[in-house]
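In: With the input below, show me the fold.
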Amino acid sequence: MLVLLFVTGSFLISGCGEKTQDYENVVAEVGENNTITLKDLKIHVINYFYDRRYRDKATAYNKALEAMVTNQLERIDFFERDLQNDRKLTESISRNISEELIVRYFNTQVLAKYTSEERIRQAYEQMGKEVEYRQIMLDKPENASKAQLDIIRNRADEIKSRIENGEDFGQLVRQYSQDAESAAEDGFMPPITWEKSISNPLYQMIFQFDSGDVRVLESLRSFMIIKITGIHKIDREPLETLKAGIKSDLEKMYMDISLNDYDEMKKKLIDENSLQWNQKALDQIIRWSRTPRFYEGLYRDTLQQAITDGRNPTILTYSEGAVDLKEYLWLLDHILIPGGSGNITKQSLKDFILEALRTDIIVQKAKQLGLEQDVLNPNTASSVIRNKLVQLYNQAVIESQIPEATETALQQFYHVNRDSMYYQLAKVNIYALIYPDRETAEKMWSKIKEGATIPDVSDRYFVKTFIRTREGEIRAFSSTEVPYLGEAAFALKESETNGVIEYNDPEKGKQFAVIQCVHRRPEKQLTYADVKNTIPDDFREFHLKRLHRQVAEDLRKKYRVVIHRDVLKKGIAEASR
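Out: Numbering: from 1, shown residues only. Next up is the predicted model:
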């Protein structure tokens, strides 16, 4: 008798699949070895809300593509400038790199055993067959005792023997099977293909049996008597066409087994019988750890100060080495950080230190295998590292060029930008209730006339802001929407409301609004004294934008960029449907 085992991995590692290229949908080529596909662009548009920031799809897609190209150019230039070897700069992403190295190590040294070329070839051979079978199902009662299960198990073995001795399977189905669906088909089940076999441990087992085999299988809820009634050849596409899909399926199929393999390997890295803990040092770390937000950054100054003061106790000794406070700080900075600090215990602290040590060993193994080059490069598949590289590039190349905000520089900045940045335009903020029918708007207006405010009468209201330019044009503030209610808003005094406003929206048709002025700001020329507290931020933001534009322009001159306008046009058209 065979028993199905259901195994669950102890943790999940993501990013196991390799990125496949869709050359027919390449929208941009950046540098020598990197492309941006239409799929990449669509994901970026959604993830970074370009579809919300710009109502026009063409603008949204062009802006998103421009940002993606610039980011990739910055990643390329990051390595061209050899910034990856600037330890002070890359210190902040050490843990991110370690996390990605763990993923690469798992993929290439553990999971890869089950996704090798030989495994793929074997799976391809299996894809050429289809297994037909019949089944009789005996249910396990809920909370069944061992004695009850033994009775059902013996009955299953008896039915198996009767089938092997030539009794009619259909008759036995009708007599014993408790699965109405298969019993109605005389026990015949849908055939199992390779694709179906990898979706379920039961199907996987049945798929390996030979024609004529009769077996008893046990699952969590039932016993099944299975008879293989036929194995047939089926057509399939060429191996090269199916290879990527087969590898992906094998990764899913063997994930739990690989995770167990990884756990077993990891446990053996440190001999726990040799551990000797310094209880006093553990107690001190626990006291520190219970400080609110300690592991969100406070830990670094606290531990470094203790080390500087000569307090660097050994926390752990074991057969492979020792961990003192300095090493503990290094592990926190480069390998792992605890998820929380408020409820840390001595045992959880010990477990964390051991986990960090084991993880560090694997990280070093990954580096010895040269896997760091797979993680730290301009075309890295890790979205986390990709974003971090752009942040570090901006820090090293752009932010470092921002002029010092001295008092003289700030005053000069004010005088140059006085008429543009520091002329305060008139602005008004309103609450608005908007309805497609006048009747509802009139009901709300009646309540407001009785003394209620818009938030009092409804929790579904709009907050809108309008500005008036020096030329008297009214515009929506920080929005591309048409300022339908702008003129009415500027006609109100603060806290004032004024009846139902009717207007026509080309998309929604006739609309009826009730508005309330929340705040008004007058038009005036701001003095240096007025902006003294905010001008340092304005100064920095101004130069950041200027430098970003200049660097983006310089990078496009330095490296090859090809935009496939036909593919971009196709993507915009699809998004506009």
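In: Sketch out the low-pLDDT regions of the stretch 251-400 of the chain for me.
Out: Residue ranges of the stretch 251-400 of the chain with pLDDT under 70: 340-342.
In: Same question for the chain.
Out: By pLDDT under 70, the low-scoring segments of the chain are 1-23, 340-342.
In: And it, what are its domain boundaries?
Out: Listed domain ranges for the chain are 128-237, 272-368, 423-518 (source: automatic domain parsing).
In: Would you format these as JSON lines with mean neighbour count included?
Out: In short, each C-beta sits where N, CA and C put it, glycine included. Formatted as JSON lines, the domains of the chain follow (neighbours: other CB atoms under 10 Å):
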{"stretch": "domain 128-237", "mean neighbour count": "16"}
{"stretch": "domain 272-368", "mean neighbour count": "15"}
{"stretch": "domain 423-518", "mean neighbour count": "15"}
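In: Out of those, the one nearest residue 67 is which?
Out: domain 423-518 (18.0 Å; CB to CB).
In: Quick one: end-to-end length of that closest one, please.
Out: Domain 423-518 stretches 22 Å from its first residue to its last (CA to CA, to the nearest Å).
In: do the same with stretch 25-43
Out: 14 Å.
In: what's stretch 551-558 in contact with?
Out: The contact list for stretch 551-558 (CB atoms under 8 Å, 6 or more residues apart in numbering) reads 69-70, 73-74, 76-77, 397-398.
In: Return the distance of that stretch from the chain's centre.
Out: For stretch 551-558, the distance from its own C-alpha centre to the chain's C-alpha centre is 30 Å (CA atoms, centre = their mean, to the nearest Å).
In: tell me which residues in that stretch are buried?
Out: Neighbour-count burial for stretch 551-558 flags 551-552, 555 (criterion: 16 or more other CB atoms under 10 Å).
In: mind listing which of those residues are in strands?
Out: Among the buried residues of stretch 551-558, no member is found in strands (DSSP state E).
In: Could I get these in a markdown table, plus columns for distance to residue 489?
Out: Below are the buried residues of stretch 551-558 laid out as a markdown table (distance: CB to CB, whole Å):
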| residue | distance to residue 489 |
| --- | --- |
| 551 | 40 |
| 552 | 37 |
| 555 | 43 |
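In: In helices only, show me the contacts of stretch 551-558.
Out: Those of the contacts of stretch 551-558 mapping onto helices are 69-70, 73-74, 76-77, per DSSP state H.
In: Okay, strands next: where are they in the stretch 1-150 of the chain?
Out: With strands called from DSSP state E, counting those that start in this stretch, the stretch 1-150 of the chain shows them at 2-3, 26-30, 34-37, 129-139.
In: thinking again about what came up before, can I get the contacts of stretch 551-558 in JSON lines with neighbour count and distance to residue 162?
Out: Shown next, in JSON lines, are the contacts of stretch 551-558 (neighbours: other CB atoms under 10 Å; distance: CB to CB, whole Å):
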{"residue": "69", "neighbour count": "23", "distance to residue 162": "71"}
{"residue": "70", "neighbour count": "20", "distance to residue 162": "74"}
{"residue": "73", "neighbour count": "25", "distance to residue 162": "74"}
{"residue": "74", "neighbour count": "22", "distance to residue 162": "73"}
{"residue": "76", "neighbour count": "24", "distance to residue 162": "71"}
{"residue": "77", "neighbour count": "19", "distance to residue 162": "76"}
{"residue": "397", "neighbour count": "17", "distance to residue 162": "79"}
{"residue": "398", "neighbour count": "18", "distance to residue 162": "80"}
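In: now, which of those residues sits nearest residue 355?
Out: Among the contacts of stretch 551-558, and counting by CB to CB, the member closest to residue 355 is residue 74, at 34.4 Å.
In: Quick check: residue 524 touching residue 422?
Out: No: between residue 524 and residue 422 there is no contact under CB atoms under 8 Å: 10.0 Å.
In: quick one, which of those two is more surrounded?
Out: residue 422 (19 against 11; other CB atoms under 10 Å).
In: Just list the residues touching the closest residue to residue 427 other than its chain neighbours, thanks.
Out: Counting by CB to CB, 6 or more residues apart in numbering, residue 521 is the residue found nearest to residue 427 once chain neighbours are left out, at 4.3 Å. Contacts for residue 521 were tallied using CB under 8 Å, 6+ apart; they are 424, 426-428.
In: Identify the farthest-apart pair in those residues.
Out: Largest separation among the contacts of residue 521 by CB to CB: 424 and 428, giving 12.9 Å.
In: coming back round to it: which among the buried residues of stretch 551-558 gets closest to residue 90?
Out: Set against residue 90, the nearest of the buried residues of stretch 551-558 by CB to CB is residue 551 (19.7 Å).
In: Helices of the stretch 101-250 of the chain, start to end?
Out: Listed in chain order, the helices of the stretch 101-250 of the chain (DSSP state H, counting those that start in this stretch) span 117-126, 146-164, 169-176, 180-183, 194-197, 201-207, 239-253.
In: With distance to residue 355 as extra columns, can I get those helices in TSV?
Out: What follows is the helices of the stretch 101-250 of the chain, written out as TSV (distance: least, CB to CB, whole Å):
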stretch	distance to residue 355
helix 117-126	30
helix 146-164	38
helix 169-176	51
helix 180-183	47
helix 194-197	36
helix 201-207	30
helix 239-253	24
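In: would you list every one of the strands in the stretch 401-550 of the chain?
Out: Ranges of strands within the stretch 401-550 of the chain are 423-424, 426-435, 462-468, 474-476, 497-505, 509-521, 524-525, based on DSSP E, counting those that start in this stretch.
In: Provide the strand pairings for the longest one, with the direction of each partner.
Out: The one in question is strand 509-521. Strand 509-521 has its sheet partners listed here by DSSP bridges as strand 426-435 (antiparallel), strand 497-505 (antiparallel).
In: Using CSV, lay out those strands together with distance to residue 211.
Out: Compiled in CSV, the strands paired with strand 509-521 are given as follows (distance: least, CB to CB, whole Å):
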stretch, distance to residue 211
strand 426-435, 70
strand 497-505, 70
